[in-house]
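Chemist: Below is the structure, and that's it, no one-letter string:
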Ligand code: COA
């Protein structure tokens, strides 16, 4: 018998829109300035500002027990409140992080318990700095598929716990900061809202450009194992820089092409805050006015998974992203990974 004949007829698909119903963010109270770094390593405010654009970053107070879950919970609560919802409304919590509380359980489960999300699904995803943008694409498509209605998406990281704040780690420790951002993505009957084009890419060949070794076996071939580096982020800064300067514009162009749009059609570019020079290069390549590509790296540094949602929350709260705007989210990071998400919000 032809199995196709007896296949049940699927119900007609009702188009579903997806909106960003609320956003929230949280930065730890403790601020680490360039002057603070000058005291513990051979660096200078001028060098850091010139090479990265960063002046301050926030870091968790680990001695006081502050950790990634606390930032994530605060960001998610703020996003729920902004959306006029409670944790009980969530069908799923996704947390993009490369610095989870523990290896098991997923940090999203701890967050779920802390906010009282009951039996909503919860899991982490790790795509380093691309995590939140990948999460937007995944959460959006789960909602558009019709099975999930409300998803809490968090991007939270505390890279400060993987930093060597000494001369040996100076090219990395100056860049990263801690933080969390969250968005509530929700089904809507307004089908104009949601993703117009998206992409998710990875090149595993580039894993050696950013990694955190824990044993001798974790060092790439050709790099002598060094126990003093274990537990700290190892980054080939110049290689990542070259990758990012080339990839960012290509990613933006690829996403515009998929949607059949021009850069000038987009109301706001929300880009991962990796280095101010990389962001300026992308802005110049597309001839974008300053106010269309948001930059907050000077205040918060590179907050990895929190970078994009922190920008999103600041832009919504200040009214620079408004209902109906066309917004492109772009990120790249360890993996190497890179991805985009172009939304009508
Ligand atoms: N202060 C002062 N000097 C420093 C320093 C610091 N914090 N860190 C490195 N240097 C020195 C180096 O030792 C080197 O000195 P040398 O020429 O005597 O050997 C010199 O500055 C240049 O080092 P280099 O690593 O080539 O600097 P750079 O211009 O590439 O800048 C980064 C370093 C890390 C700022 C830059 O490579 C970068 O931003 N890369 C992208 C990183 C990124 O985006 N990562 C996140 C991915 S999500």
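Modeler: Cool, got the structure. Bear in mind that the values here come from a model prediction, so they are computed numbers and not experimental data. Residues are numbered from 1 along each chain as shown.
Chemist: Give me the longest helix you can find in the protein.
Modeler: When the chain is parsed with DSSP state H, its longest helix is helix 237-259.
Chemist: other SSEs contacting that helix?
Modeler: When contacts are defined as 3 or more C-beta pairs under 8 Å, 6 or more residues apart in numbering; DSSP states H and E, helix 237-259 sits against strand 194-202, helix 276-285, strand 326-333, strand 337-344. Any C-beta I mention is one placed from the backbone N, CA and C, and that applies to glycine too.
Chemist: Run the contact check for the helix or strand following that helix versus the ligand.
Modeler: Using DSSP states H and E, the helix or strand that follows helix 237-259 towards the C-terminus is strand 268-271. No: taking C-beta under 6 Å from any ligand atom as the criterion, strand 268-271 and the ligand are apart, separated by no less than 11.1 Å.
Chemist: can you list the residues of this protein near the ligand?
Modeler: So the chain meets the ligand at 43, 47, 51-52, 129, 170-171, 174-175, 235, 237-238, 240-241, 244, 274-275, 302, 333 (C-beta under 6 Å from any ligand atom).
Chemist: From residue 80, how far out is the residue of the stretch 201-345 of the chain found nearest the ligand?
Modeler: The stretch 201-345 of the chain approaches the ligand most closely through residue 237 (2.9 Å), counting by C-beta to the nearest ligand atom. Between residue 237 and residue 80 the computed distance is 38 Å (C-beta to C-beta, to the nearest Å).
Chemist: among the helices and strands of this protein, which has the poorest mean pLDDT?
Modeler: The least trusted helix or strand in the chain, going by mean pLDDT, DSSP states H and E, turns out to be helix 3-6, with a mean of 57.
Chemist: For residue 8, give me the pLDDT.
Modeler: Reported pLDDT at residue 8 in the predicted model: 66.
Chemist: now the strands: where do they sit in this protein?
Modeler: 17-26, 31-33, 56-58, 92-96, 121-125, 150-158, 178-188, 194-202, 210-211, 234-235, 268-271, 326-333, 337-344 (DSSP state E).
Chemist: OK, contacts around the nearest residue to residue 343 once chain neighbours are set aside?
Modeler: Nearest residue to residue 343, sequence neighbours excluded (C-beta to C-beta, 6 or more residues apart in numbering): residue 327, at 5.0 Å. By C-beta atoms under 8 Å, 6 or more residues apart in numbering, the contact set of residue 327 is 266-270, 321, 342-343, 345.
Chemist: Let's see that with 7 Å instead.
Modeler: Residues in contact with residue 327 (C-beta atoms under 7 Å, 6 or more residues apart in numbering) are 267-268, 270, 321, 343, 345.
Chemist: got CSV for those residues, with pLDDT and neighbour count too?
Modeler: Output for these, formatted as CSV (pLDDT from 0 to 100; neighbours: other C-beta atoms under 10 Å):
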residue, pLDDT, neighbour count
267, 97, 15
268, 97, 23
270, 97, 25
321, 98, 23
343, 98, 26
345, 97, 18
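Chemist: Going by distance to residue 59, which of those wins?
Modeler: Nearest to residue 59 among those is residue 270, at 23.2 Å by C-beta to C-beta.
Chemist: List of residues touching stretch 116-135?
Modeler: With contacts defined as C-beta under 7 Å, 6+ apart, stretch 116-135 is touched by 87-88, 90-98, 100, 106-109, 112, 153, 155, 200, 210, 272, 274, 304-305, 307-309, 329-335, 337-341.
Chemist: Please identify the most buried of the strands of the chain.
Modeler: Most buried of these, by mean neighbour count (mean count of other C-beta atoms under 10 Å): strand 150-158, with a mean of 30.
Chemist: Residue 15 touches residue 191, doesn't it?
Modeler: Yes: shown here, residue 15 and residue 191 form a contact pair, counting by C-beta atoms under 7 Å, at 4.4 Å.
Chemist: more neighbours, the two?
Modeler: residue 191 (13 against 9; other C-beta atoms under 10 Å).
Chemist: Please name the bridge partners of the residue nearest to residue 343.
Modeler: Counting by DSSP bridges, residue 327 forms beta bridges with residue 268, residue 343.
Chemist: can you check the one 10 residues further on too?
Modeler: For residue 337, the beta-bridge partners under DSSP bridges are residue 202, residue 333.
Chemist: Residue 180 too?
Modeler: According to DSSP bridges, the residues that bridge with residue 180 are residue 26, residue 156.
Chemist: For PyMOL, what selects the buried ones among the residues of the chain next to the ligand?
Modeler: To isolate the buried ones among those in PyMOL, judged by 16 or more other C-beta atoms under 10 Å, type:
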select buried, resi 43+51+52+129+170+174+175+235+240+241+244+274+275+302+333
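Chemist: so who does residue 217 touch?
Modeler: Residue 217 sits next to no residue when contact means C-beta under 7 Å, 6+ apart.
Chemist: Quickly note the distance from it to residue 328.
Modeler: Using C-beta to C-beta, residue 217 is found at 40 Å from residue 328.
Chemist: what does residue 84 give?
Modeler: 27 Å.
Chemist: what do you get for residue 245?
Modeler: Separation of residue 245 from residue 328 (C-beta to C-beta): 18 Å.
Chemist: Please apply the same query to residue 234.
Modeler: As judged by C-beta to C-beta, residue 234 and residue 328 stand 31 Å apart.
Chemist: Check residue 27 too.
Modeler: Distance, residue 27 to residue 328, by C-beta to C-beta: 24 Å.
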